[in-house]
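> sequence-free structure coming up:
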């Protein structure tokens, strides 16, 4: 069983500081939903409001359609996994997993059977009697997940649980978490500042900045169609040009900068009066030896970083400002030499003119 979670104009104030500002979002039963944003943006505060450890200053939290206003944390159908996991080092693995059942007065044999069942679910079938100290970091993560699942929550709350792991293990655990979530169909609400985690695991992502929900969408939408400049710059890399939008036609507009005049797609809500910038992702730009008309800037190659499956090329314009191009390693393309004169080129359809910030107080379905 899983339950949906509705945040209805939820705010959280700490004195005069507003940590969360009128957030509206509906998380569906069985969905893997991630709140993504930098430190201090309010995402952990949201998690604590859902779990009941913080009371909203305004608005309501509903789980399975029920208002949680008067429901204490231990009475909510949620389980919370912290960054430090909080496993008990003096208990064997199975007792760690069954601890919540012991608190509820469940018989020892039933607890043991349930723990072993959950260990099979998280692919640790022979670990019941091991000490916590015998486990690797990834195995400890799976024990923490099994312990949370033991109390049969309808909503699992995860507060940056992979942040202490090394890169390879984080990537492995992303797939593990996603598999476990799909296997159990429990609603997962995941908190992270790591865009790779959010995009790789989530059904949908909510991007936050300064307490406000900037955009909610599937990972491809968040990356390919950012709602504003913050989302574009936080999720992925971008070449960013300051300037002003000009005449528009059929969704394309001129954009005047001190590097020249370019054509690009208009983002949501952008007009001639909107403070905005032009965004070009490195993988949507290319370098050409020949002079090009349209969206082109003369550059000199400053650095080439070969990273295996792709290469990142830094190019310097005539004012000394750096531009970035990312190219896939297909085994055929040659990389330019440092110091070579080339042209940084991008297509109008692959560039976006985006507002610097868009207040996001409406419901995100």
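Cool, the structure landed. Since we're looking at a predicted model, the values are computed, not measured. Numbering: from 1, shown residues only.

> the closest residue to residue 148 other than its chain neighbours and residue 155: what is the separation?
Closest residue in space to residue 148, ignoring its immediate chain neighbours: residue 79 at 3.7 Å, by CB to CB, 6 or more residues apart in numbering. Where you see a C-beta, it was placed from the backbone N, CA and C, and this is true even at glycine. Going from residue 79 to residue 155 by CB to CB, to the nearest Å gives 8 Å.

> one more: residue 251?
For residue 251 relative to residue 155 (CB to CB), the value is 40 Å.

> same drill for those two, tell me which one is more crowded.
Taking neighbours as other CB atoms under 10 Å, residue 251 and residue 155 compare with residue 155 leading, 24 against 10.

> any idea how far residue 301 is from the more buried one?
With CB to CB as the criterion, residue 155 and residue 301 are 51 Å apart.

> residue 133 too?
From residue 133 to residue 301 the distance is 51 Å (CB to CB).

> outline the domain layout of this structure.
5-229, 237-355 (automatic domain parsing).

> may I ask which helix or strand of this structure has the lowest mean pLDDT?
Within the chain, no helix or strand scores below helix 167-184, which has a mean of 84 by mean pLDDT, DSSP states H and E.

> who does whichever helix or strand comes after that helix pair up with?
Using DSSP states H and E, the helix or strand that directly follows helix 167-184 along the chain is strand 187-192. Strand 187-192 pairs in its sheet with strand 32-36 (parallel), strand 155-159 (parallel), by DSSP bridges.

> dump those strands to JSON lines, plus mean pLDDT and distance to residue 292.
Below are those laid out as JSON lines (pLDDT from 0 to 100; distance: least, CB to CB, whole Å):
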{"stretch": "strand 32-36", "mean pLDDT": "97", "distance to residue 292": "36"}
{"stretch": "strand 155-159", "mean pLDDT": "93", "distance to residue 292": "47"}
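
> highest mean neighbour count out of those strands?
Among those, ranked by average contacts under mean count of other CB atoms under 10 Å, first place goes to strand 32-36 (a mean of 25).

> contacts for it next, please.
Strand 32-36 is touched from outside by 27, 43, 46-47, 178, 181, 187-195, 197-198, 201-208, 234-235, with contacts defined as CB atoms under 8 Å, 6 or more residues apart in numbering.

> try 6 Å this time
Residues from elsewhere that reach strand 32-36 (CB atoms under 6 Å, 6 or more residues apart in numbering): 27, 43, 181, 188-192, 198, 201-208.

> kindly report the same for stretch 293-309.
With CB under 6 Å, 6+ apart as the criterion, stretch 293-309 contacts 259, 262, 312-317, 329, 335-336, 338, 340-346.

> which stretches in the protein count as helices?
Applying DSSP state H to the chain gives helices spanning 43-51, 93-103, 108-121, 137-150, 167-184, 195-201, 219-224, 229-234.

> what angle do the third one and helix 167-184 make?
Using axes from the mean of the first three to the mean of the last three CA atoms, to 10 degrees, the direction of helix 108-121 lies 120 degrees away from that of helix 167-184.

> any idea of the mean pLDDT in helix 108-121?
For helix 108-121, mean pLDDT is 92.

> burial measure for the nearest residue to residue 177 once chain neighbours are set aside, as a count.
Leaving out its chain neighbours, the residue that sits closest to residue 177 by CB to CB, 6+ apart is residue 201, at 6.1 Å. When counting by other CB under 10 Å, one arrives at 23 neighbours for residue 201.

> now do the contacts for the residue nearest to residue 148.
Residue 79 makes contact with 148, 151, 153, 156 under the criterion CB under 6 Å, 6+ apart.

> residue 246 and residue 265, how far apart?
Counting by CB to CB, the gap from residue 246 to residue 265 is 14 Å.

> ok, what's across the strand from the nearest residue to residue 242 once chain neighbours are set aside?
Residue nearest to residue 242 in three dimensions, not counting chain neighbours: residue 277, with 5.6 Å by CB to CB, 6+ apart. On the basis of DSSP bridges, residue 277 is bridged to residue 242, residue 354.

> look at residue 277 and report its pLDDT.
95.

> that older thread, in the least confident helix or strand of the chain, which residues are buried?
Residues of helix 167-184 classed as buried: 169, 170, 173, 174, 176, 177, 178, 180, 181, 184 (neighbour count, 16 or more other CB atoms under 10 Å).

> nearest to residue 271, of the strands paired with strand 187-192?
strand 32-36 (27.9 Å; CB to CB).

> between that closest one and helix 43-51, what angle do the directions make?
140 degrees.

> just give me how far strand 32-36 sits from the chain centre.
Counting by CA atoms, centre = their mean, to the nearest Å, strand 32-36 is centred 6 Å from the centre of its parent chain.

> just stretch 250-259 next, same as before
That offset, for stretch 250-259, works out to 30 Å (CA atoms, centre = their mean).
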